[in-house]
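S.K.: sequence-free structure coming up:
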């Protein structure tokens, strides 16, 4: 009898060990440049800090327990690496293309990230080809749209293949970011997703953005908000829209956003020069940025039109309009009705030309 009890005890211990929820994260840095820097392990969805430690002698170690695997970010000196926190030993080689290995979900995630990297490389190739005048803006726009659809499809497939593990929510929220939906479409998608997905902070934000997008859709009257001008004086959107009977292009942008700066230097400058004083005005709305950085970009880019900004980092304008990515450009008629949203480049120029031509008739 004692022998049987001993066997059962051993089996029980082994069973508990195999179900262990402990994890250990070993991070190795290429050199001593990160020594002394604080590292923060954060939850990707909530942004909560799970653990922190200081880098020492090119190494960092974090240990803890996890009941349910989740997507996390490791932040060191402003640099971020995303991976899955799950039971086991996770090894991270920290470099420009940092990677976490050693556990099942992380190895699977690395395969997915390799596909994403391929798409990113193709985007870079398109951008370079356009800069070198090897393809037209129209061709670049079409190729970029095809790549965007390819990326959306990848996130969707990744989500569908991983609904019940920690990769699924990460892929799902990325799918919602890159392919914006209205409220009815998003509700339909969520009805087919695991019920707990609705509790994720990023999904709740997507639902809120979808409702805001519906409330400020083409054909609706614009929704007002207040920011400040570069002199620090409070200014409302309604103080500018419809002024002198003008149509207004509202450009939501940020100083750090490369595509925003490109759109300003190209499309918007072109439209400003063509229609300044002829019934079209442009209004810049700086978002997700520091006011001093906005002012620096206005000066550097020599922006000639009015720019509104916040006293500090804000998401208020983009929350109101359900904007998930910038640049986002909106055309509003003199009566305050929204005529278009999200057009860029040649598509925006063509549409504005049509509106201004019909205005003369």
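M.R.: Everything's here; your move. Keep in mind it's a predicted model, so treat the numbers as computed, not measured.
S.K.: Now do the contacts for the residue nearest to residue 203 when sequence neighbours are not counted.
M.R.: In this structure, residue 203 finds its nearest non-sequential neighbour in residue 197, 5.6 Å apart by Cβ to Cβ, 6 or more residues apart in numbering. To be clear about C-beta, it is placed using only N, CA and C from the backbone, and glycine gets the same treatment. Taking Cβ atoms under 8 Å, 6 or more residues apart in numbering, we find residue 197 in contact with 169, 172, 190, 203.
S.K.: helix or strand for residue 354, which one?
M.R.: helix 345-360 (DSSP states H and E).
S.K.: Could you pull up phi and psi at the residue nearest to residue 313 when sequence neighbours are not counted?
M.R.: Spatial nearest neighbour of residue 313, chain neighbours left out: residue 290 (6.3 Å); criterion: Cβ to Cβ, 6+ apart. Dihedral pair for residue 290: phi -90, psi 140, per degrees, to the nearest 10.
S.K.: My read is that residue 290 contacts residue 311, right?
M.R.: No. Assessed by Cβ atoms under 8 Å, residue 290 is found out of contact with residue 311, at 10.0 Å.
S.K.: Comparing these two, which residue is more hemmed in?
M.R.: Neighbour count, other Cβ atoms under 10 Å: between residue 290 and residue 311, residue 290 has more, with 16 against 10.
S.K.: Which pLDDT value goes with that one?
M.R.: For residue 290, the pLDDT comes out at 92.
S.K.: switch to numbering from 17
M.R.: Okay, using 17 as the starting number, the last item reads as residue 306.
S.K.: Please identify the buried residues of the longest helix seen in the chain?
M.R.: The helix spanning the most residues in the chain, taking DSSP state H as the definition, is helix 120-147. Residues of helix 120-147 classed as buried by neighbour count (16 or more other Cβ atoms under 10 Å): 121-122, 124-125, 128-129, 138, 142-143, 146.
S.K.: After that helix, which helix or strand is next?
M.R.: That would be, after helix 120-147 and using DSSP H and E, helix 153-177.
S.K.: pLDDT on that following helix, on average?
M.R.: 88.
S.K.: Report the buried residues of that helix.
M.R.: 156-157, 159-160, 163, 167, 170-172, 174-175.
S.K.: Between the residues you listed, which sits nearest residue 197?
M.R.: Comparing the buried residues of helix 153-177 against residue 197 with Cβ to Cβ picks out residue 172 as the nearest, at 12.0 Å.
S.K.: coming back round to it: pretty sure the residue nearest to residue 219 sits in a helix.
M.R.: Yes. Judged by DSSP: H, G, I helix; E, B strand; the rest coil, residue 213 forms part of a helix.
S.K.: Can you point out the buried residues in stretch 283-303?
M.R.: 283-285, 287-288, 291, 296-303.
S.K.: again, but for stretch 60-73
M.R.: Neighbour count says stretch 60-73 has 60-61, 66, 71 buried, by 16+ other Cβ under 10 Å.
S.K.: now the stretch 67-216 of the chain, which segments are flagged as low pLDDT?
M.R.: Counting by pLDDT under 70, the stretch 67-216 of the chain contains no low-confidence residues.
S.K.: close enough to count as contact, residue 275 and residue 343?
M.R.: Yes. Residue 275 is in contact with residue 343 according to Cβ under 8 Å; the separation is 5.8 Å.
S.K.: Compare those two (neighbour count), which wins?
M.R.: residue 343 (21 against 13).
S.K.: ok, residue 293 - contacts?
M.R.: Contacts of residue 293 by Cβ under 8 Å, 6+ apart: none found.
S.K.: change it to 10 Å
M.R.: With contact taken as Cβ atoms under 10 Å, 6 or more residues apart in numbering, residue 293 is in contact with 260, 262.
S.K.: ok, which stretches of the stretch 217-366 of the chain are helices?
M.R.: 217-231, 274-279, 285-291, 307-316, 332-337, 361-376 (DSSP state H, counting those that start in this stretch).
S.K.: just checking, what packs against the first one?
M.R.: For helix 217-231, the packing partners by 3 or more Cβ pairs under 10 Å, 6 or more residues apart in numbering; DSSP states H and E come out as helix 183-194, helix 199-207, helix 332-337.
S.K.: thinking again about what came up before, mutual contacts of residue 275 and residue 343, please.
M.R.: The contact lists of residue 275 and residue 343 share 269, 360, where a contact means Cβ under 10 Å, 6+ apart.
S.K.: In space, what's closest to residue 118 - neighbours in sequence excluded?
M.R.: In space, residue 118 is closest to residue 107, 4.6 Å off (Cβ to Cβ, 6+ apart).
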